[in-house]
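[1] here is a sequence together with a model predicted from it:
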Amino acid sequence: MCGRYTLTVDQEALQVALGVQGLVHPRPRYNIAPSQEVPAVIHRASSDTEGGAVGTTLRWGLVPFWADDPSIGHRLINARSETAHEKPSFRNAFRRRRCLIPADGFFEWKKTPGGKRPFWIHMESREPFTFAGLAERWTAAEGEEPLETFAILTADANEFLRPIHDRMPVILSAEDRERWLDPDTPVDDLRRLLGSFSAGPLAAREVSIRVNSPGNDDPGCLEPPGGPADGLPLFDP
């Protein structure tokens with residue numbers, strides 16, 4: 001499960017890090033939540049003036065093209081990587097409309113006797129990365145503006161994350177991004193890209209329960225329960 005994530009780098013740094021132009025990211029985001037519009041990377045056919053990977057904006061919560069009601073997107077924020085290629089809600093996007101979702105951290109909640117505690121997970125280097133995503137285009141009626149949405153793929157948690165949560169978003173390594181977006185990549189090859197991330201060192205720390213509310217989107221979401229984030233050691237499973 002991935003229900004919140006962060007993108008705190010500025011727009012220029014994000015474009016440089018991913019090598020993609022057109023990513024619109026006007027301000028740091030400390031608590032991105034479902035139903036919000038966020039930067040994404042999609043594949044544009046090379047016949048266009050700017051082919052290959054390009055930046056766009058998508059709304060979190062996938063609405064299948066065949067849906068009668070766009071509210072279904074509230075239930076489709078994540079897709080299990082093991083079955084997305086065959087599930088009716090996701091299989092069309094898996095084959096035709098894959099995307100990348102830029103982030104520099106995500107939140108998972110650890111179950112404890114005292115309740116769920118939020119942890120912020122990020123690269124030790126603090127550099128941005130990309131989730132594997134599925135995108136869809138839904139139109140209410142002919143002539144109306146289409147709704148562009150996405151879901152984040154998840155996988156079994158890797159060894160580092162397992163003490164916090166049993167699932168994690170799929171993070172694609174830099175060398176796999178182009179293959180994920182390529183419309184000609186066979187389904188079996190795509191599925192092999194979706195294992196738990198192990199290509200770089202992750203770090204995690206417990207953070208404020210402010211992140212529980214999507215109305216809070218400020219640096220305080222990354223602070224520990226008892227004080228400034230920089231004063232707390234990283235979580236060590």
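    That came through fine.
[2] the closest residue to V211 other than its chain neighbours: what's it in contact with?
    The shortest distance from V211 to any non-neighbouring residue, by Cβ to Cβ, 6 or more residues apart in numbering, is to C221 (4.4 Å). Placement of C-beta: from N, CA and C, glycine included. Residues counted as contacts of C221 (Cβ atoms under 8 Å, 6 or more residues apart in numbering) are 6, 30-31, 120, 207-208, 210-211.
[3] and those as JSON lines, adding secondary structure, distance to G114 and neighbour count?
    Converted to JSON lines, the contacts of C221 look like this (DSSP: H, G, I helix; E, B strand; the rest coil; distance: Cβ to Cβ, whole Å; neighbours: other Cβ atoms under 10 Å):
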{"residue": "T6", "secondary structure": "strand", "distance to G114": "25", "neighbour count": "23"}
{"residue": "Y30", "secondary structure": "strand", "distance to G114": "24", "neighbour count": "22"}
{"residue": "N31", "secondary structure": "strand", "distance to G114": "22", "neighbour count": "22"}
{"residue": "W120", "secondary structure": "strand", "distance to G114": "19", "neighbour count": "25"}
{"residue": "V207", "secondary structure": "coil", "distance to G114": "16", "neighbour count": "24"}
{"residue": "S208", "secondary structure": "coil", "distance to G114": "15", "neighbour count": "18"}
{"residue": "R210", "secondary structure": "helix", "distance to G114": "17", "neighbour count": "18"}
{"residue": "V211", "secondary structure": "helix", "distance to G114": "17", "neighbour count": "24"}
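[4] nearest to R96 among those residues?
    Using Cβ to Cβ, T6 comes nearest to R96 of those, at 29.0 Å.
[5] wait, a strand at E108?
    Yes - applying DSSP: H, G, I helix; E, B strand; the rest coil, one finds E108 inside a strand.
[6] go ahead and confirm N78 touches C2.
    Yes - between N78 and C2 there is a contact under Cβ atoms under 8 Å: 5.9 Å.
[7] give me the common contacts of these two.
    Common neighbours of N78 and C2 (Cβ under 8 Å, 6+ apart) are 152, 154, 169.
[8] okay, and which of the residues you listed map to strands?
    Judged by DSSP state E, the subset of the shared contacts of N78 and C2 located in strands is 152, 154, 169.
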